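1. Everything below, folded, please.
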Amino acid sequence: MPKVVDAAEQRSRIREAARQVFARRGVAGTGLVHVAKAARISRSNLYHYYPDKAALFRDLAQELLDEEEALFRAALGEPGSALERIERLGATVAEAFSAWSEFGGVLLQVWVEEPKKVQRLLSRLREDLSSLIREGQRDGDVSSQLPPLATAAVLIGMVDGLVVQAFVDPRGGPPARDVRKTMVLAFRSILRTKESPS
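-> Below you'll find the model as predicted:
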């Protein structure tokens, strides 16, 4: 009796292998033969699931973006005030930097090769974060002088900038605990700017 293979599970295994190989060899330097070897399947079997590297990369790109969105939503969706949840987001993403730096090259390639997907993700993240900023303003925890959408873009830009730094210079950056503490303090400092006298 032939072995029954779960197609979704097999695709997931292939994407995981591709993630590791792309991180090691770079996207341009990786062929499907490398991915097949890492996934421990034949090249012809891999072609059954992914006919070419572009199809595999598109699926992997979506998976990476979905993971980033899930991380943001989990941090923002936990209990607490709006300010506490935004600060938690800063701490959460700081903790993810070591993993992100490992796949930073792949993430940067996703940003370059899948700009529409990244734009849609950024739009959703900005909207979610700006909604939370507005909630914090209504509660009096976040400065009313801050434009919510622009503030969300600045906070996300801080995160993305640190991801790039972690990838480009993984061993030269500060310790993760210092980044985490600084990220939380920076978010708090930006959001709780004192009101100017009228």
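
2. quick one, domains of this structure?
-> 1-51, 61-191 (automatic domain parsing).

3. residues contacting residue 41?
-> Residue 41 makes contact with 10, 14 under the criterion Cβ atoms under 8 Å, 6 or more residues apart in numbering. Yep, even glycine has a C-beta here, placed from its N, CA and C like the rest.

4. Residue 160: which element?
-> Using DSSP states H and E, residue 160 sits in helix 148-168.

5. counting contacts, what elements does that helix pack onto?
-> Applying 3 or more Cβ pairs under 8 Å, 6 or more residues apart in numbering; DSSP states H and E, one finds that helix 148-168 contacts helix 82-102, helix 104-113, helix 115-139, helix 176-191.

6. ok and it relative to helix 104-113, angle-wise?
-> Per axes from the mean of the first three to the mean of the last three Cα atoms, to 10 degrees, the angle that helix 148-168 makes with helix 104-113 is 130 degrees.

7. Name the SS class of the spatially most central residue of the chain, please.
-> With distances taken as Cα atoms, centre = their mean, the residue of the chain nearest its centroid is residue 68 (3.2 Å). Three-state call for residue 68 (DSSP: H, G, I helix; E, B strand; the rest coil): helix.

8. what does the model give it for pLDDT?
-> You'll see residue 68 listed with a pLDDT of 86.

9. Now it. Nearest residue, chain neighbours left out?
-> Nearest residue to residue 68, sequence neighbours excluded (Cβ to Cβ, 6 or more residues apart in numbering): residue 121, at 6.9 Å.

10. where does that neighbour sit relative to residue 34, distance-wise?
-> Using Cβ to Cβ, to the nearest Å, one gets 28 Å for the distance from residue 121 to residue 34.

11. now swap in residue 166 and tell me
-> Separation of residue 166 from residue 34 (Cβ to Cβ): 25 Å.

12. of those two, who's got more company?
-> residue 166 (22 against 19; other Cβ atoms under 10 Å).

13. Poorly predicted segments of this protein, please.
-> Within the chain, the ranges that satisfy pLDDT under 70 run 1-5, 98-101, 170, 193-198.
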